[in-house]
Every structure is written in structure tokens, then in C-alpha cells.
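Undergrad: Just need the structure, nothing else, for what follows:
(one chain, ligands or ions: 2)
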Amino acid sequence: MTIHGSCVCGAVRYAIDGDGFEFQYCFCSRCRKKSGSSYAANLFVYTNQLSWVQGEEKVRRYELPTAKYWATCFCEDCGSAMPWLSRTGKAWIVPAGGLDEAPEIRPRKGIFFGSKAEWYTHADALALFEEYPPREK
Ligand SMILES: [Zn+2]
Ligand SMILES: [Zn+2]
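TA: Ligands and ions are numbered 1, 2, ... in the order given. Alright, predicted model coming up:
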């Protein structure tokens with residue numbers, strides 16, 4: 001099984017051979033700021049499973065000096081979250097929203113839930129629409 005991922009502008013593409021070994025949400029304040037959302041959905045794969053298909057030179061990395069593990073990568077053109085190699089070099093952390101196909105593994109834990117945004121609301125509690133909601137008059 002090979003799954004692919006890309007950025008929103010299409011300049012960067014990558015491929016993952018096989019499945020992830022972990023899939024988790026992170027609700028920490030850094031991931032919230034980085035994603036602009038309530039949490040980061042991260043797939044973890046081993047170092048040898050990921051390869052860049054195109055645009056690797058457009059991938060920028062930022063390491064927060066005060067953080068032990070946290071880093072981020074993004075497309076320099078469109079800002080999309082990109083896979084980043086862990087500081088230990090043992091795994092790629094793949095922002096799952098960038099995947100173009102689904103891995104077999106499903107999210108199974110959420111970490112730093114104690115740091116979640118005060119406004120965080122589980123999607124099950126929202127009015128959900130398949131696409132745009134009907135226009136309000
Ligand atoms: Zn891009
Ligand atoms: Zn986090």
C-alpha cells in the first residue's frame with residue numbers, strides 16, 4: 001500500500017509506503033497555533049517509509065528553540081503543513097490533513113487534551129452539513 005500527500009498549491013508531493021504506526025491528535029497550544037485549528041491530526045511513519053515525490057526544495061522547517069520535540073515543516077509557497085522528521089530522526093510526523101488517500105490506521109488517542117482551546121467543541125455536537133449550509137435569509 002502506498003498513500004500520497006500534497007500541499008494545497010500542488011508544488012510538494014510525497015509518498016508513504018505502508019501504514020502508519022501511530023495516529024493521534026495533539027491539542028497543545030503549539031499545534032493549535034501552527035494548524036490554526038483546535039488540534040493537529042498527526043500520522044506517524046518510520047523514517048524509511050516516506051519519500052518526496054516533488055518539490056522537496058520548497059519545504060521549510062522551523063524548530064522552536066525552547067521545545068524538546070516540537071518542530072514543523074511547511075510549503076514555502078502556500079504554507080500547507082508538511083511532514084517533518086522527528087528530532088530523534090526515527091519517524092516522520094505527517095499532518096494527516098495533507099493526505100490524498102486514507103491510511104488503514106485510525107486516530108486512537110488525543111494528547112495534551114488538558115491544553116485544548118476553551119472553545120473546543122466536538123464535531124458531534126455541531127450542526128453538520130455535507131457542504132455549505134443552506135443560505136440564511
Ligand atoms: Zn504548496
Ligand atoms: Zn502539539
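Undergrad: could you pull out the strands for the protein?
TA: Ranges of strands within the chain are 2-6, 13-17, 22-26, 40-46, 50-54, 59-63, 71-75, 81-82, 84-85, 91-95, 109-111, based on DSSP state E.
Undergrad: Which strands border the fourth one, and is each parallel or antiparallel?
TA: According to DSSP bridges, strand 40-46 has the following sheet partners: strand 22-26 (antiparallel), strand 91-95 (antiparallel).
Undergrad: Residue 94 against residue 50, yeah?
TA: Yes. Judged on C-beta atoms under 8 Å, residue 94 makes contact with residue 50 at a distance of 7.2 Å. (Glycine included, C-beta is placed from N, CA and C.)
Undergrad: what do these two both touch?
TA: 16, 83 (C-beta atoms under 8 Å, 6 or more residues apart in numbering).
Undergrad: Of those two, give the one with the bigger neighbour count.
TA: residue 94 (26 against 18; other C-beta atoms under 10 Å).
Undergrad: Looking at strand pairing, list the partners for that one.
TA: Counting by DSSP bridges, the residues bridging with residue 94 are residue 43.
Undergrad: got the contact list for it?
TA: Here residue 94 is in contact with 5, 16, 20, 42, 43, 44, 45, 50, 83 (criterion: C-beta under 8 Å, 6+ apart).
Undergrad: who's the second one bridged to?
TA: The one in question is residue 16. Applying DSSP bridges, one finds that residue 16 bridges with residue 3, residue 50.
Undergrad: coming back round to it: most packed of the strands of the chain?
TA: Mean neighbours per residue, mean count of other C-beta atoms under 10 Å, is largest over those for strand 81-82, with a mean of 26.
Undergrad: Check which helices and strands it sits against.
TA: strand 71-75 (3 or more C-beta pairs under 8 Å, 6 or more residues apart in numbering; DSSP states H and E).
Undergrad: The strand it packs on: partners in the sheet, and parallel or antiparallel?
TA: strand 59-63 (antiparallel), strand 81-82 (antiparallel).
Undergrad: How about residues contacting the last one?
TA: I take that to be strand 81-82. By C-beta under 8 Å, 6+ apart, strand 81-82 touches 7, 12, 14, 34-35, 40, 59, 72-75, 95, 97-98.
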